[in-house]
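Q: What follows is a protein structure lacking sequence information:
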């Protein structure tokens with residue numbers, strides 16, 4: 001995920017707070033000072049910052065997620081990694097390491113899952129993907145597999 005930082009915004013904000021040493025005795029003067037020193041967002045130059053990577057991986061973050069298999073509730077813990085801005089359209093990929101040693105990829109558009117990888121070999125080619133939300137947690141049912149992923153893992157927030 002690329003993030004933008006506006007250089008010079010902090011100093012402009014301090015100036016707007018009266019850090020320049022100006023003192024105002026009336027409400028009108030205070031309003032005028034704030035208006036005159038408010039930062040103009042068109043003056044700031046954006047600086048592109050890449051989302052960090054977990055050393056030795058392609059993941060932007062890793063975390064344990066609740067998971068369940070064979071139609072069971074998600075009471076197990078599986079390791080997962082996220083690649084933000086994975087797709088050209090800004091989609092996100094979450095890979096979950098299953099207990100059988102295989103990985104399941106789940107694809108997100110924003111914080112909403114829209115698909116998962118499938119294969120004839122494991123029977124997942126015909127599985128349906130459904131999801132439900134509870135606050136900042138999304139529960140994904142993919143055939144007999146269940147995963148619970150928090151939004152912060154997907155968004156980095």
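A: Great, that's in hand. Keep in mind that this is a model prediction, so the values were computed, not measured.
Q: how about low-confidence regions in the protein?
A: In the predicted model, the chain carries pLDDT under 70 at residues 1-50.
Q: Each with direction, which strands does the helix or strand where residue 140 lies pair with?
A: According to DSSP states H and E, residue 140 maps onto strand 137-142. Partner strands for strand 137-142, per DSSP bridges, with pairing direction: strand 129-134 (antiparallel), strand 145-150 (antiparallel).
Q: Quick one: neighbours of residue 157, just the number.
A: 8 (other Cβ atoms under 10 Å). (Each C-beta comes from the backbone N, C-alpha and C, glycine too.)
Q: same thing with residue 101?
A: Around residue 101 there are 6 residues (other Cβ under 10 Å).
Q: how far away is it from residue 113?
A: Plainly put, residue 101 is 23 Å away from residue 113 if you go by Cβ to Cβ, to the nearest Å.
Q: can you check residue 79 too?
A: 18 Å.
Q: of these two, who's got more company?
A: Neighbours were counted for residue 79 and for residue 113 using other Cβ under 10 Å; residue 113 has more, 23 against 14.
Q: For the more buried one, give the beta-bridge partners.
A: Taking DSSP bridges as the rule, residue 113 bridges to residue 108.
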